[in-house]
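Participant: Need a 3D model of the sequence below.
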Amino acid sequence: MSDGSGRNRETESVGERVAERSSGYLGVYDRIKKNGQKAFPDHWSFLLAEICLYSFAVLVITGVYLTLYFHPSAEMVKYQGSYAPLRGYMVSEAFNSTMRISFDIRGGLLIRQAHHWAALVFVASILVHLLRVFFTGAFRKPRQLSWLLGFLFLVLAMFEGLTGYDLPDDLLSGTGLAVVNGTILSIPFIGTYVSLFLFGGEFPGEEVIARFNTLHVLIIPALMVALIAAQIGLVIRQKIAQYPGPGRTNKNIVGLPLKVRVVKSAGFFFIVAGTIFAMAAVAQINPIWKYGPFRPDQVSAGSQPDWYMGIADGLLRVMPGWEVNLWGHTLALDNLIPLAVGGGLFLVMAAYPFIEAWVTKDDSEQHILDRPGNRPVRTALGAAWISFYLVALIGAANDIIAIRLHVAVESVTWAVRIGLFLVPPLAFFVTKRWALGLQRRDRDKVLHGRETGIIKRLPHGEFVEVHEPLSAGQLHLLTQHTQYKPINAASQKDEARNRPGHTLAQHLRAGLSQRLYGEGAQIAKPSEQEYKEITSKHPS
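Facilitator: This is a model prediction of the structure:
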């Protein structure tokens with residue numbers, strides 16, 4: 001029996017009927033059905049975002065379990081647990097409950113270590129995903145908001161890790177907390193008040209564990225869930241940018257159907273979760289029983305933060321102990337400058353897409369990703385950013401490096417100080433030259449074809465290598481990208497005369513444009529006329 005729309009009501013499943021009826025009230029089924037017809041690009045680099053999402057799911061699941069047994073209190077109790085070396089010592093309830101989870105709750109240590117490993121994987125996947133977005137230009141219109149949300153997600157993830165790292169109240173986390181307090185106190189005007197509010201009094205205070213627990217369990221996760229929902233909504237609305245290739249344009253998507261993508265993604269969730277739990281089972285992390293409970297008058301030897309906070313700790317360690325007295329107030333520059341540099345490093349990362357859009361004056365929507373080699377200066381800037389981060393991370397381990405290599409810690413510190421100024425420019429120069437070399441190779445392949453390795457001797461005795469013409473798909477891949485032309489400085493001067501208030505901005509735009517796309521910043525790709533002239537002289 002038909003319902004008038006051509007469908008047989010008798011062959012419909014109960015689920016289809018329920019979905020159709022609910023669609024009449026909410027429109028959910030129609031919306032899902034419409035989105036289900038979309039294609040999704042399939043490339044291994046897109047898995048980075050899924051690693052982020054699924055490690056977050058592992059964090060939530062394991063975090064709920066830990067919350068059932070963790071007591072976020074600084075009240076002192078006598079430890080009477082299974083770990084004999086600490087039995088009888090006065091410890092905080094936070095430390096006592098963490099020890100109970102580790103030694104007395106079935107599966108507690110596995111869950112706790114899985115939670116910590118998942119946090120490290122989570123932040124790493126966010127950062128690497130953002131770098132993939134940066135190097136491929138996936139931040140261009142209409143995805144600037146997605147880039148900002150991703151950057152904010154990274155910052156929240158770092159603070160989520162920081163607040164969770166300090167909850168066990170062991171000597172290692174307490175040492176890190178003392179560094180955090182010193183950095184907060186260095187903030188002019190408000191630093192003292194922020195510290196008093198956060199710790200509930202003078203450091204270490206009585207309220208910091210409870211307040212960090214509220215941030216770690218409720219506030220930051222809620223914000224992160226909201227950002228994830230917003231990101232997914234933007235992806236559905238804007239569609240995913242795809243890598244260049246034959247048949248791929250700004251107006252279509254070449255990829256897998258939604259059903260296939262969902263099945264693959266579900267399997268990938270179990271791979272991510274299984275890998276994290278395998279790491280938790282075989283690799284020990286954060287053994288708080290070795291560090292002991294926190295004491296304000298003690299510092300844990302060889303203390304290291306989690307890697308994502310290493311840049312802040314590294315900059316603090318290598319900064320000279322500078323102070324300035326102004327009007328009876330002391331500015332602790334040894335804390336304030338590293339804080340400003342670290343924050344500025346991330347702010348530059350967040351602002352770059354808008355700077356590039358301002359320089360190029362490109363207001364069109366871009367759904368095809370860049371090959372990093374086609375944007376030499378952008379790729380070089382990204383490499384310089386990463387190198388600065390890595391050198392600062394080395395600075396966070398200056399004491400460990402000095403011990404292992406049997407050198408003076410001052411020597412390691414000075415090496416890091418020099419490296420912070422020398423390594424990023426060197427990385428920029430090498431990466432830019434590398435990218436320009438790749439562009440020259442692409443240009444040569446387009447004009448002369450692919451090297452075959454076959455050597456041919458000409459009638460006059462000369463030996464030459466035989467080149468094979470590229471296919472249409474390969475030609476498209478190597479020539480489809482847009483090459484921006486630098487802004488003419490003379491035209492900017494004329495525009496500045498008509499708009500006197502914008503003289504500085506126009507000069508800045510012209511200068512940046514020359515640096516990004518001027519002479520020596522890119523190799524011109526072959527024009528269609530050049531290609532025809534070469535192929536006519538040397539037909540295949």
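
Participant: Neighbours of residue 251, how many?
Facilitator: 7 (other CB atoms under 10 Å). No exception for glycine: its C-beta is placed from N, CA and C like everyone else's.

Participant: Counting neighbours, what do you get for the nearest residue to it once chain neighbours are set aside?
Facilitator: Leaving aside its sequence neighbours, residue 251 sits nearest to residue 367 (CB to CB, 6 or more residues apart in numbering; 7.8 Å). Number of residues near residue 367 (other CB under 10 Å) recorded here: 21.

Participant: how much space is there between residue 367 and residue 233?
Facilitator: Separation of residue 367 from residue 233 (CB to CB, to the nearest Å): 18 Å.

Participant: re the thing from before, right, and the residue nearest to residue 251 touches residue 250 too?
Facilitator: Yes. Counting by CB atoms under 8 Å, residue 367 touches residue 250, with 4.5 Å between them.

Participant: Residues that sit against both of the two, list them.
Facilitator: Shared contacts of residue 367 and residue 250 (CB atoms under 8 Å, 6 or more residues apart in numbering): none.

Participant: quick one: what helix or strand has residue 267 in it?
Facilitator: Taking DSSP states H and E as the definition, one finds residue 267 inside helix 258-282.

Participant: Who are the packing partners of the helix or strand following that helix?
Facilitator: Counting by DSSP H and E, the next helix or strand C-terminal to helix 258-282 is helix 288-291. Helix 288-291 sits against helix 93-103, helix 171-185, with contacts defined as 3 or more CB pairs under 8 Å, 6 or more residues apart in numbering; DSSP states H and E.

Participant: closest to residue 371 out of the ones you listed?
Facilitator: Across those, residue 371 has its closest neighbour in helix 171-185 (40.1 Å, CB to CB).

Participant: Just the angle for the closest one relative to helix 93-103, thanks.
Facilitator: 140 degrees (axes from the mean of the first three to the mean of the last three CA atoms, to 10 degrees).

Participant: following helix 171-185, which helix or strand shows up next?
Facilitator: helix 191-199.

Participant: list the buried ones in that following helix?
Facilitator: 191, 195, 198-199 (16 or more other CB atoms under 10 Å).

Participant: Kindly report the same for stretch 78-86.
Facilitator: Of the residues in stretch 78-86, those buried (16+ other CB under 10 Å) are 79, 81, 86.

Participant: ends of that stretch, how far apart?
Facilitator: With CA to CA, to the nearest Å as the measure, stretch 78-86 spans 10 Å from end to end.

Participant: Need the contact partners of that stretch.
Facilitator: 87-91, 95-96, 99-100, 103-104, 289, 292-293.

Participant: Buried residues, the longest helix anywhere in the chain. List them.
Facilitator: In the chain, assigned by DSSP state H, the helix with the most residues is helix 409-448. Neighbour-count burial for helix 409-448 flags 412-413, 415-416, 419-420, 423-424, 427-428, 431-432, 434-436, 438-439, 442-443, 445-448 (criterion: 16+ other CB under 10 Å).

Participant: Quick check: which element contains the nearest residue to residue 348 once chain neighbours are set aside?
Facilitator: With sequence-adjacent residues excluded and distances taken as CB to CB, 6+ apart, residue 348 is closest to residue 385, at 7.7 Å. Secondary structure from DSSP H and E places residue 385 in helix 376-395.

Participant: what's that helix packed up against?
Facilitator: By 3+ CB pairs under 8 Å, 6+ apart, helix 376-395 packs against helix 108-135, helix 310-318, helix 333-360, helix 409-448, helix 503-517.

Participant: quick one: the third one to helix 409-448, angle?
Facilitator: Computed by the same axes, to 10 degrees, the angle separating helix 333-360 from helix 409-448 equals 10 degrees.

Participant: just the shortest one next, same as before
Facilitator: Interaxial angle of helix 310-318 relative to helix 409-448 (the same axes, to 10 degrees): 140 degrees.

Participant: mind checking how far helix 310-318 is from the chain centre?
Facilitator: 19 Å (CA atoms, centre = their mean, to the nearest Å).

Participant: Same question for the longest one.
Facilitator: In terms of CA atoms, centre = their mean, the centre of helix 409-448 is set 21 Å apart from its chain centre.

Participant: Kindly list the longest strand within the chain.
Facilitator: Ordering each strand of the chain by length in residues (DSSP state E) puts strand 450-457 first.

Participant: Can I get it in CSV? Just the C-alpha atoms.
Facilitator: Output of strand 450-457 as CSV, limited to C-alpha atoms (Å, rounded to 0.1, in the frame of the first residue of the first chain):
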residue,chain,number,x,y,z
ARG,A,450,59.5,13.8,-15.8
GLU,A,451,63.0,12.3,-15.7
THR,A,452,62.8,8.6,-16.7
GLY,A,453,66.4,7.6,-15.9
ILE,A,454,66.9,6.5,-19.6
ILE,A,455,70.0,7.8,-21.2
LYS,A,456,70.0,8.3,-24.9
ARG,A,457,73.0,9.1,-27.2
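
Participant: And the contacts of the helix or strand following that strand?
Facilitator: Using DSSP H and E, the helix or strand that follows strand 450-457 in sequence is strand 463-468. If you take CB under 8 Å, 6+ apart as the criterion, strand 463-468 is touched by 448-458, 540.

Participant: at 7 Å what do you get?
Facilitator: Residues outside strand 463-468 that contact it (CB atoms under 7 Å, 6 or more residues apart in numbering): 448-452, 454-458.

Participant: Which of these ranks first by neighbour count?
Facilitator: residue 449 (18 neighbours).

Participant: Now do the same for the closest residue to that one other than its chain neighbours: its pLDDT.
Facilitator: The shortest distance from residue 449 to any non-neighbouring residue, by CB to CB, 6+ apart, is to residue 467 (3.6 Å). We have a pLDDT of 83 for residue 467.

Participant: burial count for residue 467?
Facilitator: 17.

Participant: re the thing from before, got CSV for the buried residues of stretch 78-86, with pLDDT too?
Facilitator: CSV is the format used below for the buried residues of stretch 78-86 (pLDDT from 0 to 100):
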residue, pLDDT
79, 93
81, 89
86, 91
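
Participant: That concludes my questions; thank you for your assistance.
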